[in-house]
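Participant: generate coordinates for the sequence data below:
(4 chains)
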2 protein chains.
Amino acid sequence: MTIDNQKRATLSQKLRFLDQADDPFSRDFFEKAVMTTLKKGQYVCHEGSSCSHLAILLDGTARVYKLGESGKEITLYRVGPGESCVLTASCILSEVPFPAIAVCETTVEAVVIPAGDVQKWLSESVTWRNYIFGLVATRLTNIINVVEDVAFRRMDKRIAEHLYKRTDSTSHLLLATHQEIASELGTSREVVSRILKEFELEAIIKVTRGAIELLDPKKLDQRRCEI
Amino acid sequence: MTIDNQKRATLSQKLRFLDQADDPFSRDFFEKAVMTTLKKGQYVCHEGSSCSHLAILLDGTARVYKLGESGKEITLYRVGPGESCVLTASCILSEVPFPAIAVCETTVEAVVIPAGDVQKWLSESVTWRNYIFGLVATRLTNIINVVEDVAFRRMDKRIAEHLYKRTDSTSHLLLATHQEIASELGTSREVVSRILKEFELEAIIKVTRGAIELLDPKKLDQRRCEI
DNA sequence: GCGATGTCTGTGACTAAGTCACACAGGGGT
DNA sequence: ACCCCTGTGTGACTTAGTCACAGACATCGC
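Facilitator: As a prediction, this is how the structure comes out:
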């Protein structure tokens, strides 16, 4: 009882779409949802695997990326609290194999829904349909932005953008190796190193082993936005 | 009556998901669907436009592409008979603006469905849900393949692939300018010209103004598949 | 403290791709 | 014939990606 209530409280706090608690869908959701914890570095989906469950994150983030034959990587999008991996959803709903890899970047708290219920609720609940289609739409847009980035933008702008977005706003630090940034953007480590060195010469950042300190956010923003 | 029956026949022939004619959804579909013809070159959706109708193609093809600030283009996917543009679908269902451009490559016959019915049928018909999710899944996969291509593959392989896929199999001809191929792949005309010249020197193709003749399909296939 | 080891970063030389400017070719129109 | 427009070719240059290897730093055991 108490445990159940606590679970219910956590869920409705983290998943805004459950607001309407009197909805029969919500009741069913609370009943079927199973809470789990995934460790940092754990793989959620492998390339080509089919999915029997849909995970919705409550805490932490996961990175969904594509792995090239050469071993290069590129991030497609991230999944955060309240979100879920559309690729999983889409392969549940169409039985197409999962075309990418998902891995936990932090410890992840999530609820897991069996594929059958994912399907069933689509026919029963507007709330659920809206949630799922919202996911699909934002992910499609995400991935199209990646295409645009890779196809049209210069590497220095893309790196500037990445630093801008992912530097911690209080510590002004980004904890990442050059290789990690390269994998993020689908390029190679040397290229990242060289461009970071450029930025350092322009006094925009300070490069240290495993971390980048942002010295001049304004200049970085400029660099990011110029053509 | 006769017109109605003819429409019904055309639709159920072109749209396989209407097979189950006794389904109330199918009846509703026949009633609501409006047939239209779009001319070659006509734009279906502009960047950022919101969509009030979903078009399902019966004949012809449309190209969905992203336009960069510099004027460069890259094709995201094509829509053929029986298919529909997921981006339209996704923006109907989530009210996110359309993040790309869709244009008719040929004269296009299509049926048009009002957004409201697209929504309504999702709750009422498994057939329709499966159709829509099938679309979403294949498009997601398409676009992810574009990301993979752009991020990881060399230009000559990508051009070889493109020739391989889009050369007419009976005439051995591909009617396209170098600029068109460049827009397809998100690169620039000069690069395409140079690589086509290479292929010509290897006696794989013959380049003429506005057309490419395939001389050695086997060699092209090799070129396409090598690393 | 001292190496030993593994990870992370720097660099030079080279190839591939993209950009820019401009020349030239082919194929209609008039 | 001529012009004109579109399509193609080319050289010089910049930006990216690749390869091979050299250092630099951190951690651990000793």
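Participant: looking at this, A:K197 is in a strand?
Facilitator: No: applying DSSP: H, G, I helix; E, B strand; the rest coil, one finds A:K197 to be helix, outside a strand.
Participant: how many residues are close by it?
Facilitator: Look at A:K197: counted by other CB atoms under 10 Å in any protein chain shown, it has 12 neighbours. Just so you know, the C-beta spots here come from the backbone N, C-alpha and C atoms, and that holds for glycine as well.
Participant: and it, how close does it get to A:K218?
Facilitator: A:K197 sits 20 Å away from A:K218, going by CB to CB, to the nearest Å.
Participant: now A:C85
Facilitator: Taking CB to CB, one finds A:C85 at 36 Å from A:K218.
Participant: quick one, which of those two is more surrounded?
Facilitator: More neighbours surround A:C85 than the other of A:C85 and A:K218, with 24 against 8 (other CB under 10 Å).
Participant: my guess is that one meets A:T61, correct?
Facilitator: No: when contacts are counted by CB atoms under 8 Å, A:C85 is not listed as touching A:T61 (11.4 Å).
Participant: list residues touching both of the two?
Facilitator: Here A:C85 and A:T61 share the contacting residues A:V79, scored by CB atoms under 8 Å, 6 or more residues apart in numbering or on different chains.
Participant: list the beta-bridge partners for A:M35.
Facilitator: When bridges are called by DSSP bridges, A:M35 pairs up with A:V111.
Participant: backbone dihedrals for A:L175, please?
Facilitator: phi -90, psi 100 (degrees, to the nearest 10).
Participant: correct me, but it touches A:R209?
Facilitator: No: taking contacts as CB under 8 Å, A:L175 lies outside contact range of A:R209: 10.7 Å.
Participant: so where's chain A uncertain?
Facilitator: A:1-3, A:19-22 (pLDDT under 70).
Participant: who in it is up against DNA strand D?
Facilitator: Contacts of chain A with DNA strand D, taken as CB under 7 Å from any atom of the strand, map to A:S70, A:K72, A:R154, A:M155, A:D156, A:G186, A:T187, A:S188, A:E190, A:V191, A:I195, A:R209.
Participant: report the buried members of the residues you listed.
Facilitator: Among the residues of chain A next to DNA strand D, those classed as buried by neighbour count (16 or more other CB atoms under 10 Å in any protein chain shown) are A:K72, A:D156, A:G186, A:T187, A:V191, A:I195.
Participant: mind picking the two most distant members of these?
Facilitator: Using CB to CB, those span at most 19.0 Å, a distance reached by A:K72 and A:D156.
Participant: quick revisit: just the buried ones among the residues of chain A next to DNA strand D now: which is nearest A:L15?
Facilitator: For those, the residue nearest A:L15 by CB to CB is A:G186; the value is 32.0 Å.
Participant: is it true that the closest one touches A:I74?
Facilitator: Yes: using CB under 8 Å, A:G186 is in contact with A:I74, at 3.2 Å.
Participant: where exactly do the helices run in chain A?
Facilitator: A:2-14, A:24-32, A:86-94, A:115-124, A:126-152, A:155-166, A:178-185, A:189-201, A:217-225 (DSSP state H).
Participant: export the second one to PDB, keeping only CA atoms.
Facilitator: Provided in PDB are the C-alpha atoms of helix A:24-32 (Å, rounded to 0.1, in the frame of the first residue of the first chain):
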ATOM      1  CA  PRO A  24      -8.600   4.600 -16.400                       C
ATOM      2  CA  PHE A  25      -5.400   4.600 -18.500                       C
ATOM      3  CA  SER A  26      -3.400   6.200 -15.600                       C
ATOM      4  CA  ARG A  27      -4.700   3.500 -13.200                       C
ATOM      5  CA  ASP A  28      -3.700   0.800 -15.600                       C
ATOM      6  CA  PHE A  29      -0.300   2.500 -16.200                       C
ATOM      7  CA  PHE A  30       0.400   2.500 -12.400                       C
ATOM      8  CA  GLU A  31      -0.400  -1.100 -12.200                       C
ATOM      9  CA  LYS A  32       1.600  -2.300 -15.200                       C
END
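Participant: which residue packs closest to A:A115, ignoring adjacent ones?
Facilitator: Of all residues not flanking A:A115 in the chain, A:I92 sits nearest, at 4.6 Å (CB to CB, 6 or more residues apart in numbering or on different chains).
Participant: okay, the residues of chain A next to DNA strand D in JSON lines with distance to A:L54 next?
Facilitator: Below are the residues of chain A next to DNA strand D laid out as JSON lines (distance: CB to CB, whole Å):
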{"residue": "A:S70", "distance to A:L54": "31"}
{"residue": "A:K72", "distance to A:L54": "29"}
{"residue": "A:R154", "distance to A:L54": "38"}
{"residue": "A:M155", "distance to A:L54": "36"}
{"residue": "A:D156", "distance to A:L54": "38"}
{"residue": "A:G186", "distance to A:L54": "27"}
{"residue": "A:T187", "distance to A:L54": "32"}
{"residue": "A:S188", "distance to A:L54": "35"}
{"residue": "A:E190", "distance to A:L54": "39"}
{"residue": "A:V191", "distance to A:L54": "37"}
{"residue": "A:I195", "distance to A:L54": "38"}
{"residue": "A:R209", "distance to A:L54": "39"}
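Participant: closest to B:T167 out of those residues?
Facilitator: Nearest member of the residues of chain A next to DNA strand D to B:T167, counting by CB to CB, is A:S70, at 27.7 Å.
Participant: residues contacting that closest one?
Facilitator: A:S70 sits next to B:F152 when contact means CB under 8 Å, 6+ apart.
Participant: same check on A:I101?
Facilitator: Residues near A:I101 by CB under 8 Å, 6+ apart: A:Y43, A:C45, A:H46, A:E47, A:V64, A:Y65, A:K66, A:L67.
Participant: quick one: the residues you listed as CSV, columns for neighbour count and distance to A:V126 too.
Facilitator: Shown next, in CSV, are the contacts of A:I101 (neighbours: other CB atoms under 10 Å in any protein chain shown; distance: CB to CB, whole Å):
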residue, neighbour count, distance to A:V126
A:Y43, 12, 33
A:C45, 22, 28
A:H46, 13, 33
A:E47, 12, 34
A:V64, 24, 27
A:Y65, 18, 33
A:K66, 22, 33
A:L67, 16, 37
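Participant: what is the most widely separated pair among those?
Facilitator: Spatially, the most separated pair among the contacts of A:I101 is A:Y43 and A:K66, at 14.1 Å (CB to CB).
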